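> Next come a sequence and a model predicted from it.
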Amino acid sequence: MAESKSIISFLTVCCFILPTLLFAAIEEEPHKEEFNEELLLKPLPDRKVLAHFHFDSKAFSSSSNGGYHLHLFPKAIYQLVHKFHIKEMELSFTQGRWNYERWGGFDPVSSSNAKPPGVELWAVFDAPPSQVDALWKNLTHTLSGLFCASINFLESSTTYSAPDWGFRASSGNLRYGSLPREAVCTENLTPWLKLLPCRDKAGLAELMDRPSIYRGFYHSQRLHLVSSGFGSDRVDSKIELEQTLTVVLQPTTLRWAKSYTPGSGMQPNWSISTVFGRKINKKCVLAKSSNLYLQLDRGLVSELKNKGTDSDSATAESSITNPLFELSSTPQKVIREVDNLKDEESSILYMFDIDKFADAKPFDLAFSWKLPVVWTCSKAPLLANRFLMGSGNERGAIVISLKSVGHRPSLVGTGASEDRCKLHINVFQVVPWYVKVYYHTLRIYIDGQVQSAANVTRKMRVSPSEDKVSSGVLELALTLPCSMKSAALSLDFDKGFLHIDEYPPDANQGFDIPSALISFPDFHSSLNFAEDSSVSPILSRLQKRSPALAYTEVLLVPLTTPDFSMPYNVITITCTVFALYFGSLLNVLRRRADEEERLLEERGKYIITCLLSGITNM
Ligand SMILES: *[C@@H]1O[C@H](CO)[C@@H](O)[C@H](O)[C@H]1NC(C)=O
Ligand SMILES: *[C@@H]1O[C@H](CO)[C@@H](O)[C@H](O)[C@H]1NC(C)=O
Ligand SMILES: *[C@@H]1O[C@H](CO)[C@@H](O)[C@H](O)[C@H]1NC(C)=O
């Protein structure tokens, strides 16, 4: 009896008391994890709309809560950080090229989300330099499995590099690799969405209708990871995961296409449902905040001021009743940029809290233009392009051309007078080993005149490529005069030969040279708001000072390729010759002349009888 009683009491403990204790334990730790979802929409000058999804997950661990207990934060990412000692990592999948001229190159969204086509991966490890390469290799394999992409090709030492300062400041623990040929599709988006607590079943991610977002002009999916205090013995540690999806879409409706006349400057009216084909149903309940922002560019705000004919235009441009456009809902908050340089307008953000708007019925924000409007986005001081010169299969040259866009001298960091004003730029370029670059042939032209390299280079680091072992890296810090109109850098190269099994499939298409990166260390793109940025991760991201960056095009180099169809041709022609030879030989040997004659005779007789019977029947 006593035994059964003790069993019953044990069961009670198991079934009732333990679960309540567990629940209590979960309730006690409200600040261990955090998730926020946000969407930034921005009309672009060329009748397109930029949509920038921003999902932010954080996990904290301190001595008091004893390690990580993850409910919202993806466990796969925690294991990645833990296993490979990652301090910072960024992975992006991009399709299309960011149009720096039309969509802007000098704002926080473009400097952190305009990425080179294909896959780009970089990581900073919290490990001794001797282990970094091994960790990188294992990391590429893990990511490749996690995101269903061929990131494992970055494992080979010919595809990644260890930049010193040209990419970002590092202390030997940074590795950088890119795969320009990688095709990006839904199979890469699905695992990325699985890292979100609500996936794409609720919240803003529900808008990601695959046909609409892949129809866009530019598509970049990015994952940025920062961890602190992880590898060390310190007890307080933190992991921050930022997932962004940046798409540029064209909201063309049939009605707009009918009424559109070129040159009128009339912009299409759009709404969330016409851009994505869906509405926002509800917020993700696990998210701490769920907001939608509509950003008006500086150029657009100044147009707004010009159009505002009434005297109180200063108030009109921040209210939603204005002469230029109309919003279907009144925003909760209007956030203005502050602290901007005097000679420019400041941009405006309209904030909508999804929780309030998507309460009773699905939320759809419509934006309609009342007047034609033309504006431009703020550009980086130089527009960068890259192209190939030369012809034939032996040698060629890579040229990076930089064109001035007529920037304002007040923005230049040195702040000196116009004649002494200098523009600092960094160039980072990785070249695969089969393009053998002669770095001593570097020529720098400013306004068409050759300059001595010593006059314009501040710093230079070259690590030449080694055949089948490593790719060549060029890091260059240049000081250019502000008054220049254009500059060009040229490098000569020889084309190498690959071994027959090193050729990729479809080698006749050519070989890609990854994008070069041009950065402007004195030009920091950030927007400052009076608003407390801690409430919203996207606002704090926009306020973060980051140098303006520009990626150039991917180059396609045709190399000598063996004729892979030749063995097939040889086999076919040999077989044909053999077939003809043996066929006719056998025919001749086996033919019996008299038998053939008899056959012919019989056939002749048969035809005659047929004809005769035909005549008699008539
Ligand atoms: C990388 O993976 C291999 C194979 O799984 C393993 O043997 C090796 O220890 C790993 N290296 C590091 C640095 O984790
Ligand atoms: C956009 O909406 C406004 C106001 O509703 C309307 O006057 C205008 O004709 C619309 N434009 C187009 C191109 O449909
Ligand atoms: C280098 O700069 C000096 C002074 O700024 C100038 O006199 C000289 O002509 C420049 N050299 C070249 C090759 O441009």
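Yes, it's here. Ligands and ions are numbered 1, 2, ... in the order given.
> what does the domain assignment say about the protein?
For the chain, the structural domains run 25-369, 382-557, going by automatic domain parsing.
> Next, format these as CSV and append mean neighbour count.
Yep, even glycine has a C-beta here, placed from its N, CA and C like the rest. CSV is the format used below for the domains of the chain (neighbours: other C-beta atoms under 10 Å):
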stretch, mean neighbour count
domain 25-369, 18
domain 382-557, 17
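> wait, which of those is closest to Phe578?
Counting by C-beta to C-beta, Phe578 lies closest to domain 382-557 out of the domains of the chain; the figure is 26.9 Å.
> Dump the domains of the chain to JSON lines, plus distance to Tyr606 and mean pLDDT.
Below are the domains of the chain laid out as JSON lines (distance: least, C-beta to C-beta, whole Å; pLDDT from 0 to 100):
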{"stretch": "domain 25-369", "distance to Tyr606": "66", "mean pLDDT": "86"}
{"stretch": "domain 382-557", "distance to Tyr606": "59", "mean pLDDT": "87"}
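> Using CSV, lay out those together with distance to ligand 2.
Converted to CSV, the domains of the chain look like this (distance: least, C-beta to the nearest ligand atom, whole Å):
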stretch, distance to ligand 2
domain 25-369, 3
domain 382-557, 28
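> is it possible to export the ones you listed to JSON lines including distance to Glu595?
Conversion of the domains of the chain to JSON lines gives the following (distance: least, C-beta to C-beta, whole Å):
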{"stretch": "domain 25-369", "distance to Glu595": "65"}
{"stretch": "domain 382-557", "distance to Glu595": "54"}
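> Compare the ones you listed and give me the one nearest ligand 1.
Comparing those by their distance to ligand 1 (C-beta to the nearest ligand atom), the top pick is domain 25-369, with 3.7 Å.
> hey, where'd the helices end up in the stretch 351-500 of the chain?
Ranges of helices within the stretch 351-500 of the chain are 354-357, 453-456, based on DSSP state H, counting those that start in this stretch.
> Which of those helices sits closest to ligand 3?
The closest approach between ligand 3 and any of these, judged by C-beta to the nearest ligand atom, belongs to helix 453-456 at 3.7 Å.
> Pull that closest one out as PDB, backbone CA atoms only.
Only the C-alpha atoms of helix 453-456 are listed here, as PDB (Å, rounded to 0.1, in the frame of the first residue of the first chain):
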ATOM      1  CA  ALA A 453      51.000  55.700 -59.500                       C
ATOM      2  CA  ALA A 454      53.000  57.200 -56.600                       C
ATOM      3  CA  ASN A 455      51.000  60.500 -57.000                       C
ATOM      4  CA  VAL A 456      47.600  58.900 -56.500                       C
END
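> packing partners for it?
Judged by 3 or more C-beta pairs under 8 Å, 6 or more residues apart in numbering; DSSP states H and E, helix 453-456 is in contact with strand 435-446, strand 472-481.
> picking that back up, any idea which of the helices of the stretch 351-500 of the chain gets closest to Ala149?
helix 354-357 (31.0 Å).
> centre of the chain versus the closest one, how much separation?
When C-alpha coordinates are averaged (C-alpha atoms, centre = their mean, to the nearest Å), helix 354-357 and its chain have centres 30 Å apart.
> who's Val437 bridged to?
In this structure, Val437 bridges to Phe493 when assessed by DSSP bridges.
> Was I right to think it contacts Ser471?
No - the pair Val437 and Ser471 fails to qualify as a contact (C-beta atoms under 8 Å) at a distance of 10.1 Å.
> Give me the common contacts of these two.
Residues touching both Val437 and Ser471 (C-beta atoms under 8 Å, 6 or more residues apart in numbering): 431, 465.
> just to revisit the earlier point, I'd like the helices of the stretch 351-500 of the chain written out as JSON lines, with distance to ligand 3 added.
Supplementary listing: the helices of the stretch 351-500 of the chain in JSON lines, determined by distance: least, C-beta to the nearest ligand atom, whole Å:
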{"stretch": "helix 354-357", "distance to ligand 3": "58"}
{"stretch": "helix 453-456", "distance to ligand 3": "4"}
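> Distance to Ala453 added to the helices and strands packed on helix 453-456, as TSV?
Listed next are those as TSV, based on distance: least, C-beta to C-beta, whole Å:
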stretch	distance to Ala453
strand 435-446	6
strand 472-481	9
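> mind checking the backbone torsions on the residue nearest to Gly229 when sequence neighbours are not counted?
Nearest residue to Gly229 in three dimensions, chain neighbours excluded: Ser237, at 4.0 Å (C-beta to C-beta, 6 or more residues apart in numbering). The phi and psi torsions at Ser237 (degrees, to the nearest 10) take the values phi -140, psi 170.
> need the contact list for Ser237.
Under the criterion of C-beta under 8 Å, 6+ apart, the neighbours of Ser237 are 60-61, 227-230.
> 6 Å instead, please
By C-beta atoms under 6 Å, 6 or more residues apart in numbering, the residues touching Ser237 are 61, 229-230.
> Surely Val227 touches His82?
Heads up, residue 227 is Ser, not Val. No - using C-beta atoms under 6 Å, Ser227 is not in contact with His82; the gap is 8.9 Å.
> How much space separates Arg458 from ligand 3?
14 Å (C-beta to the nearest ligand atom, to the nearest Å).
> wait, I meant Val570
Taking C-beta to the nearest ligand atom, one finds Val570 at 57 Å from ligand 3.
> how close does that residue get to Phe578?
Relative to Phe578, Val570 is positioned 12 Å away (C-beta to C-beta, to the nearest Å).
> Around ligand 3, pick out the residues from the stretch 451-600 of the chain.
Taking C-beta under 6 Å from any ligand atom as the criterion, the stretch 451-600 of the chain approaches ligand 3 at residues 451-452, 455.
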